[in-house]
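*Asks:* no FASTA, just this:
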């Protein structure tokens, strides 16, 4: 019974983790050829890096026309909302 209980518990934890990711973690793809990842939610904020079309980013927060995002390498910054296609 112990191995079966362990397997059921592990499956439940994996399912709960997947459900959490589905509800709480959102992603988007850059849909413009080249956009600037900025330090703040303003067109005059310092440019951190340029990102290219097709890059998948994790959405963190909305901020008045800008979205705070995290790149796959851990860099965080702001992109204009219109430059992203939510997935």
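*Replies:* Received it, and whenever you're ready, just let me know what you need. Since the structure is predicted, the reported quantities are computational estimates derived from the model, not experimental observations.

*Asks:* In terms of pLDDT, where does the residue most central in space within the chain sit?
*Replies:* Central residue of the chain (CA atoms, centre = their mean): residue 58, 0.7 Å from the mean position. We have a pLDDT of 93 for residue 58.

*Asks:* next one: residue 2
*Replies:* 88.

*Asks:* Residue 81 and residue 55: what is the separation?
*Replies:* Noted for residue 81: a distance of 15 Å to residue 55, by CB to CB, to the nearest Å. Every residue, glycine included, has its C-beta placed from N, CA and C.

*Asks:* burial count for residue 47?
*Replies:* 11 (other CB atoms under 10 Å).

*Asks:* Count the neighbours of the residue nearest to it when sequence neighbours are not counted for me.
*Replies:* Sequence neighbours aside, residue 36 is the residue nearest to residue 47 in space, at 4.4 Å (criterion: CB to CB, 6 or more residues apart in numbering). Neighbourhood size, residue 36 [other CB under 10 Å]: 17.

*Asks:* Next, give phi and psi for residue 36.
*Replies:* Phi and psi for residue 36, reported as degrees, to the nearest 10, are phi -100, psi 130.

*Asks:* after the longest strand anywhere in the chain, next one along is what?
*Replies:* What stands out as the longest strand in the chain, according to DSSP state E, is strand 56-63. Once the chain leaves strand 56-63, the next helix or strand it forms, by DSSP states H and E, is strand 66-70.
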